[in-house]
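Q: compute the structure for the input listed below.
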Amino acid sequence: MQVIVEEAHKRGLAVYPWVWAFCAGFGKPGPVLERHPEWAELNRDGGKQSPRGDTFWLQASRPEVRKWLVDVYVDLVTRYEVEGLHLDYIRYEDEAVASFGYSPYTREAFKKEYGKDPIGFMKYTDDYQAWNAWREKQVTSLVAEAVRRVHQVRPGLVISAAVMPDLFDARRSKMQNWKHWADNKYVAYVKPMIYTEHMDTFRRLAREGRALLEDHALSYPGIYVYNRDQVMSQIQAARELGVLGICVFSTLHMPQELYGQLAQGPFRTPASMPHADPYGGAVALLRELNNRVQVVIDGGGITITAASALLDAVEEAEDKLRDAAAGEEPDVKLIQEALEKMLEAKSIAEKAAANGLLKPEALKRIDEDLGRITSLVRFGLYQATEVPYQEPSPAPEG
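A: Down below sits the predicted model:
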């Protein structure tokens, strides 16, 4: 791990260790369950192994399991100068594959709270919904505890998570309420695993994920490597939807030539991590928008009068954001004023287009850019604001 950190930092790369939570092994129980077989979660039939993927799972409600997981995370971020921590398998096994949570320990833990044994619950009943909500709570409380303990030793360290892209299905089938994690600032970003070759599905899930987060956290869609054209098309689609980053999974499947194509194509210029410096990122994007408007002027896509008003609003927003971030703590008043200037810029562009002073394709790009920048600023503002605990919405029926 130390070698990875040193070599990455030499190259200007941040390191976010990818750590598993409740999945203990593929094909075999894995070293944790070999040492602690009593920690194994069981499915409804009493088996330890899931029929799909041959996965084995830990008991999410067992205190020893939870303490061991969080201790590992804390040790990792204490020993190594990593920039963040990325949680995976922070969920239950898919209910459609096998319902897990029926070990004697878990059943007894639920029974102590609700007075009933969940083994006999039928789907689509109040009892089963309470059972799902209880299991969801085990997952969420582990996320909250991991964040609390990690931030004790590394204040402000970025926590992120790989999540199922459809929130309804994530909650009903995997007990994973990632919107609740974002609302309570447990995670800075999520990676919805939109592993599909179908562009319509990718666009829909990427759009929905971004909207559901309400700028409380960022969404970086996960793109699986099926082939070169699909990866390139989905990166472009994500950018058109206004998301501020993507994750490509994984290097294991990445053909060597694709590295060069990505470096010469969508990632040909150095990038910053939006979640790490939202205001700095927004300032850079406003500067790019300024340059883009200049190109539109040169190409005759906007009149000088309309461009002048638009550029004034963009530059004022940029100045206010830069000043807002100059102190030790962000200046909330200046940030709000910058957001107002961005709304003004959007209004100026739309009026110019309505009056025939700005070409439709230029308006579309300006709107996309301003939407992306506004989202980033709102994220930064939410993360910097003291937020009272946000209750989760009721668990979906299932």
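Q: for the closest residue to Ser233 other than its chain neighbours, give its distance to Lys185.
A: Excluding its sequence neighbours, the residue lying closest to Ser233 (C-beta to C-beta, 6 or more residues apart in numbering) is Met199, at 6.4 Å. (Glycine included, C-beta is placed from N, CA and C.) Met199 sits 32 Å away from Lys185 when distances are taken as C-beta to C-beta, to the nearest Å.
Q: check Glu344 too.
A: According to C-beta to C-beta, Glu344 and Lys185 sit 29 Å apart.
Q: ok, back up a step: Met199 and Lys185: which is more packed in?
A: Neighbour tally, Met199 and Lys185, criterion other C-beta atoms under 10 Å: the higher count belongs to Lys185, 18 against 12.
Q: the more buried one contacts Tyr382, doesn't it?
A: Yes. Counting by C-beta atoms under 8 Å, Lys185 touches Tyr382, with 7.5 Å between them.
Q: mutual contacts of those two, please.
A: His216 (C-beta atoms under 8 Å, 6 or more residues apart in numbering).
Q: for Val19, pull up the helix or strand it's in.
A: strand 18-20 (DSSP states H and E).
Q: what mean pLDDT does the following helix or strand past that strand have?
A: Per DSSP H and E, the first helix or strand lying C-terminal to strand 18-20 is strand 23-26. The average pLDDT within strand 23-26 is 96.
Q: so which bits of strand 23-26 are buried?
A: Within strand 23-26, the residues that qualify as buried by neighbour count (16 or more other C-beta atoms under 10 Å) are 23-25.
Q: turn those residues into JSON lines, including distance to Phe100.
A: Output for these, formatted as JSON lines (distance: C-beta to C-beta, whole Å):
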{"residue": "Cys23", "distance to Phe100": "10"}
{"residue": "Ala24", "distance to Phe100": "12"}
{"residue": "Gly25", "distance to Phe100": "14"}
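Q: with respect to Glu337, which of these is nearest?
A: Nearest to Glu337 among the buried residues of strand 23-26: Cys23, at 46.7 Å, using C-beta to C-beta.
Q: the residue nearest to that closest one when sequence neighbours are not counted: neighbour count?
A: Excluding the flanking residues, the one nearest Cys23 by C-beta to C-beta, 6+ apart is Tyr89, at 3.7 Å. For Tyr89, the neighbour count with other C-beta under 10 Å is 19.
Q: same check, this time on Asp369
A: Counted with other C-beta under 10 Å, the neighbours of Asp369 add up to 22.
Q: in the strand or helix carrying it, what counts as buried?
A: Asp369 is located in helix 360-384, with elements delineated by DSSP H and E. Residues of helix 360-384 classed as buried by neighbour count (16+ other C-beta under 10 Å): 362-363, 365-367, 369-370, 372-383.
Q: same thing with stretch 23-43?
A: So stretch 23-43, judged by 16+ other C-beta under 10 Å, has buried residues 23-25, 29-30, 32-33, 36, 39-43.
Q: strands of this protein, start to end?
A: 18-20, 23-26, 55-57, 84-88, 158-163, 189-192, 218-219, 222-224, 247-249 (DSSP state E).
Q: who touches the first one?
A: Outside strand 18-20, the residues that touch it by C-beta under 8 Å, 6+ apart are 72-73, 76, 85-89.
Q: looking at those residues, which is nearest Ser393?
A: Proximity of those to Ser393 (C-beta to C-beta) peaks at Leu87, which lies at 21.6 Å.
Q: any idea what that closest one is bridged to?
A: Val19, Ala161 (DSSP bridges).
Q: hmm, it is touching Ala161, no?
A: Yes. Using C-beta under 8 Å, Leu87 is in contact with Ala161, at 4.4 Å.
Q: residues shared between the contacts of those two?
A: Val143.
Q: which of the contacts of strand 18-20 tops the neighbour count?
A: For these, neighbours tallied by other C-beta under 10 Å; top is Leu87, 27 neighbours.
Q: coming back round to it: dump the strands of the chain into a markdown table; add distance to Arg11 as well.
A: As requested, the strands of the chain are exported to a markdown table (distance: least, C-beta to C-beta, whole Å):
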| stretch | distance to Arg11 |
| --- | --- |
| strand 18-20 | 18 |
| strand 23-26 | 31 |
| strand 55-57 | 34 |
| strand 84-88 | 17 |
| strand 158-163 | 19 |
| strand 189-192 | 22 |
| strand 218-219 | 23 |
| strand 222-224 | 22 |
| strand 247-249 | 17 |
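Q: for those strands, which one sits closest to Asn355?
A: strand 218-219 (35.2 Å).
Q: which residue ranges form the helices in this protein?
A: Here the chain has its helices, by DSSP state H, at 2-10, 31-35, 63-79, 104-114, 126-153, 167-174, 178-183, 199-213, 228-240, 256-264, 278-298, 304-324, 332-354, 360-384.
Q: okay, these in CSV with distance to Cys247 next?
A: What follows is those, written out as CSV (distance: least, C-beta to C-beta, whole Å):
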stretch, distance to Cys247
helix 2-10, 16
helix 31-35, 26
helix 63-79, 20
helix 104-114, 32
helix 126-153, 19
helix 167-174, 17
helix 178-183, 15
helix 199-213, 12
helix 228-240, 10
helix 256-264, 13
helix 278-298, 17
helix 304-324, 27
helix 332-354, 27
helix 360-384, 17
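Q: so what's Val147 closest to, chain neighbours aside?
A: Tyr186 (4.9 Å).
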